[in-house]
Every structure is written in C-alpha cells, then in structure tokens.
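Asker: make a model of this:
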Amino acid sequence: MQHYRAILKQVGIVSIALGILDLMYMVYRVSTDSSHSPDRSYSSPSILIVVVGIYLMRGSLRTANIVRWIAAFWIANSIGSILMRSCSTPFALLTLEFRLDPQGFSMWYLSRIVETAVTYWMYRQLSAEPVISASLNSGRNVSIPKQGFFLGAAVTVLLPVFQYILGDGALGRKAVELARAKYGAGYKYHVTALNRSRSMSRETVSAKIAAYNDKEIKTVRVELK
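Answerer: Below you'll find the predicted structure:
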C-alpha cells in the first residue's frame, strides 16, 4: 500500500510546479500589457501555492486537509464559472468573442478545464485511503468537504441570483440605459459586472458593460450612484 507521505509528496511537487507556472504567467501578463490602465491590476497566489506545496512535501496532514477543502471549493467554482459564462452571456456575444479572438476565447475555456482537472486530481489524491487513515490516526476529523463544494457553487451561481433579486436587475437596466445614451443604438449591451463599494456613508455602484455589434466589442464603464 502506498504510504501517505508519498502521496503528499506527489501533490506537493504538482503544487509547487503550478505556483511557479502561475508566477511566470503573471509576470508575462504584466510585461506584455500595453494598456497601462490605472484600473487594471494583477494578483497571483503563486507564492502561497508554492508554500503549500512545500508543507505537503514535508508530510503535513493539516495542510492536506486544508488543501482538500480548498480543492472541493475550486472544483465547484471552476465548473460554475464555465456554466455561468456559457449560459448568462448572449449567444451572439459569445460567437463574436470567438470570431474576434479565437485564441483568447479558447484559452479561457481550456485554462478552466485544465484547472478543474488538476484540482480534481489533487482532491482525489488527498482523499486516498492512506491519507484519510493517517489523518484519522492523528486525531483529525475527516469527512467529505460538503461546505467547500457548496460555497464554490454559491459564489458563481447563487450570488449573482441573489444580487438580481435584491435589485441589481433594475440597476443593470439603468446601466444599459446610460451606456446606450453614450454609444447609441448601433450596439447591443450586456452587463458583465456590477460592483458596490462603500466609503464612509456613501455607497457607489459601478457597472461594466459589453457593447457589441457585428464587428466589434467595446467595454463600457458607468457610475450609477
């Protein structure tokens, strides 16, 4: 029977490799971004992923259980993000995105699929009998991380639904009206993000909208209040 430390070492090596690749990708994005937009920012958990990999390689069962929970969250979150983008985005906008940037469009889906597959592999490895038995023998409570799966799905599926019910539907329509007043009726409009922020006693709501026709896609940002 495979020893649990051997399993944790394998997962740790993969985690370190992912962290290094993620860091390299972030550096690439920053170095090739020519927009220099002040509202564009990049962040990466690559250092944390590498640190987690080191702890796993050292045989930390506590880290293994935490990563197992996070993996459950990420599996549900990744699947949910794929479904939400595919189902909530108008088909005409999806096909236009693919036609204008087939490489970027395909890479988005491919990266989510690869992330989900790797995360599932890590979850399965950390749920293997030697790891579970070692955790139980060390006095740790081990069970299926149902909360992780639920929260991962809720973040991508339930949260947008709750926002719509609580009034973002009306705000979204208002945002589209503001965008249409600026760019005219020659475009169709789709709200891609609706953000609330509060400073002191003042609440600000901003929206990001995709304005598109048969030839182009514009990103429009409007302030609602």
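
Asker: alpha carbons of the strand or helix carrying Ala207, as PDB, please.
Answerer: Secondary structure from DSSP states H and E places Ala207 in strand 202-212. Output of strand 202-212 as PDB, limited to C-alpha atoms (Å, rounded to 0.1, in the frame of the first residue of the first chain):
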ATOM      1  CA  ARG A 202     -21.700  56.900   0.700                       C
ATOM      2  CA  GLU A 203     -22.400  53.900  -1.500                       C
ATOM      3  CA  THR A 204     -21.100  53.800  -5.000                       C
ATOM      4  CA  VAL A 205     -22.400  51.400  -7.700                       C
ATOM      5  CA  SER A 206     -20.500  50.900 -10.900                       C
ATOM      6  CA  ALA A 207     -21.100  48.600 -13.900                       C
ATOM      7  CA  LYS A 208     -19.000  47.100 -16.700                       C
ATOM      8  CA  ILE A 209     -20.900  46.600 -19.900                       C
ATOM      9  CA  ALA A 210     -20.000  44.900 -23.100                       C
ATOM     10  CA  ALA A 211     -21.300  47.000 -26.100                       C
ATOM     11  CA  TYR A 212     -21.200  44.900 -29.200                       C
END
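
Asker: how is the chain carved up into domains?
Answerer: When the chain is parsed with automatic domain parsing, its domains come out as 4-144, 162-223.

Asker: by mean pLDDT, show me the worst of these.
Answerer: Lowest mean pLDDT within the domains of the chain: domain 162-223, a mean of 82.

Asker: what's near enough to touch Thr63?
Answerer: Residues in contact with Thr63 (Cβ atoms under 8 Å, 6 or more residues apart in numbering) are Val52, Tyr55, Leu56. Quick note: C-beta positions are derived from backbone N, CA and C, even for glycine.

Asker: typo on my end, it should be Arg85
Answerer: Applying Cβ under 8 Å, 6+ apart to Arg85 gives the contacts Trp108.

Asker: give the helix, strand or coil label for it.
Answerer: State at Arg85, reduced to three classes by DSSP: H, G, I helix; E, B strand; the rest coil: helix.

Asker: for Glu115, see how far away it is.
Answerer: Using Cβ to Cβ, to the nearest Å, one gets 14 Å for the distance from Arg85 to Glu115.

Asker: picking up where we left off before, can you redo the domains of the chain as a markdown table with distance to Ala153?
Answerer: Supplementary listing: the domains of the chain in a markdown table, determined by distance: least, Cβ to Cβ, whole Å:
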| stretch | distance to Ala153 |
| --- | --- |
| domain 4-144 | 4 |
| domain 162-223 | 13 |
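
Asker: closest to Leu151 out of the ones you listed?
Answerer: Taking Cβ to Cβ as the criterion, domain 4-144 is the member of those that comes nearest to Leu151, at 5.7 Å.
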